[in-house]
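Participant: sequence below, structure please.
(2 chains)
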Amino acid sequence: MDFNLNAAVIKQMNKVVPVYTDSANSIGMGTLHHITEEISNIVTKHLFQIGDQMRLANSTFEEAYKV
Amino acid sequence: MKGWCKHHLSIGLCLGRCTSTGKSKSTARKEIQNCFLSLACMQAMAEHPGNRGIEWRGDWYETEFKGLYAASETFRQVVEEWNGPKGPNTLIHRSIGVNVGEDLFMSYTDLLIEYSQLDVAEEVSILLTDHMWNIFHIAALHGWMKTPSYFHRKLHDQVVGLLDVGKDQEAAAALNRVAGALLQIESGTGRTALHTAILMHGVNSTFSLGLIALERCASSAHTSTHPCSFWSLSYSKCCIMHCPLFWVDTSLGDWILQRRWLKSNLPMSICRTPETLSDTASSTIFMVIPRATTPLARLPSKH
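Facilitator: Next up, the predicted model:
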């Protein structure tokens, strides 16, 4: 979820080699599959919460996120 | 990372439960040592049915907000809009969540290409073992409409980079892999990514048109025998039942001529079985995408 943390990790790697990928036969759990699995759909839920908080506390988006 | 946090949080919760009942820490640790991790998770989750026993205690702003703000254009737009005079919106369109996810996916892929030598052509052709989905299938199911165009650009960059250094064969191999990925079919319904895209988003959707453009880029560069993009849609019962799609360009002439032309020109790698084009296959579903160049001229005239 923490993109900045993951980006820092990726920048330190020279090569990504997924564990469960058989590249020769094009089957397995590819790097892109891993990414899609990690991207969850909690964003919309959090947006609802933030919108409520912004209205309740008359706060900015960032302030609502910090609560 | 997620699994690690989950397990440690579970242990922490289990430890808290044991110590709160008056047991010493050493006793609690002994209980944990004698307890499988899965059991500790179940116990912790049973005590917190509302949030499944696992609650993120970290800093959402420092992790999620800053990460999404850096990675997602859609998210930045939402922040800007909600901080504006209109304020927060009570209606959050589903596409916002979807687009934030897609933005994240593309940002991660950009990083992997730049820093980790990700081979785009190779990655897009990898199929999941369970459903035989490649990344285009998954993107179609997610509704990530910009993804085909994104991969089109990345493939173009990759191929141009290879050609610049004289690696013509590798460039051709990369194009072949992408062309192959677009023909890969999932195990359940026998659909290619384009089938799924058309069924879910329509023939003229951004996703479908992006995939078609990508297919033309991948196939036309290394083959002159099949310059026209033809896709035979699966004629499995499931496909027909859910999508009676029959869209043929009328400028191609009558149906008999079309069928003969298709039969002699359709790549067998696309037309998986000859029966697909049999004269009696009224259930066969075709989508014909004409190009403005020569293929149409090859069609025999009715007169």
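
Participant: residues contacting B:C217?
Facilitator: B:152, B:155-156, B:175 (CB atoms under 8 Å, 6 or more residues apart in numbering or on different chains). Placement of C-beta: from N, CA and C, glycine included.

Participant: the strand or helix carrying A:M54 near chain B anywhere?
Facilitator: When elements are assigned from DSSP states H and E, A:M54 belongs to helix A:42-57. Yes: under the criterion of CB under 8 Å from any CB of the partner chain, chain B is reached by helix A:42-57 at A:43-44, A:46-48, A:50-52, A:54-55.

Participant: among these, name the buried ones.
Facilitator: Buried members of the residues of helix A:42-57 next to chain B, scored by 16 or more other CB atoms under 10 Å in any protein chain shown, are A:43, A:46-47, A:50-51, A:54.

Participant: which stretches of chain A form helices?
Facilitator: For chain A, applying DSSP state H gives helices covering A:3-11, A:31-38, A:42-57, A:61-66.

Participant: quick one, the second one and helix A:3-11 angle?
Facilitator: Counting by axes from the mean of the first three to the mean of the last three CA atoms, to 10 degrees, helix A:31-38 lies at 160 degrees to helix A:3-11.

Participant: now the helices of chain A in CSV, with mean pLDDT?
Facilitator: Listed next are these as CSV, based on pLDDT from 0 to 100:
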stretch, mean pLDDT
helix A:3-11, 89
helix A:31-38, 87
helix A:42-57, 84
helix A:61-66, 88
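
Participant: closest one to B:R57 among those?
Facilitator: Nearest to B:R57 among those is helix A:61-66 (14.4 Å), distances taken as CB to CB.

Participant: so what secondary structure elements neighbour that closest one?
Facilitator: helix A:42-57, helix B:73-82 (3 or more CB pairs under 8 Å, 6 or more residues apart in numbering or on different chains; DSSP states H and E).

Participant: can you redo those helices as TSV with distance to B:H93?
Facilitator: Formatted as TSV, the helices and strands packed on helix A:61-66 follow (distance: least, CB to CB, whole Å):
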stretch	distance to B:H93
helix A:42-57	9
helix B:73-82	10
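
Participant: closest to B:A171 out of the ones you listed?
Facilitator: helix B:73-82 (30.6 Å).

Participant: does chain A sit close to the helix or strand just after the closest one?
Facilitator: Note on helix B:73-82: by DSSP H and E, the next helix or strand toward the C-terminus is helix B:94-116. Yes: for helix B:94-116, a contact with chain A is found by CB under 8 Å from any CB, at B:94, B:96-97, B:100-101, B:104-105, B:107-109, B:111-112, B:115-116.

Participant: could you dump these to JSON lines with pLDDT?
Facilitator: Shown next, in JSON lines, are the residues of helix B:94-116 next to chain A (pLDDT from 0 to 100):
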{"residue": "B:R94", "pLDDT": "85"}
{"residue": "B:I96", "pLDDT": "89"}
{"residue": "B:G97", "pLDDT": "88"}
{"residue": "B:V100", "pLDDT": "92"}
{"residue": "B:G101", "pLDDT": "92"}
{"residue": "B:L104", "pLDDT": "93"}
{"residue": "B:F105", "pLDDT": "94"}
{"residue": "B:S107", "pLDDT": "95"}
{"residue": "B:Y108", "pLDDT": "93"}
{"residue": "B:T109", "pLDDT": "94"}
{"residue": "B:L111", "pLDDT": "93"}
{"residue": "B:L112", "pLDDT": "91"}
{"residue": "B:Y115", "pLDDT": "90"}
{"residue": "B:S116", "pLDDT": "85"}
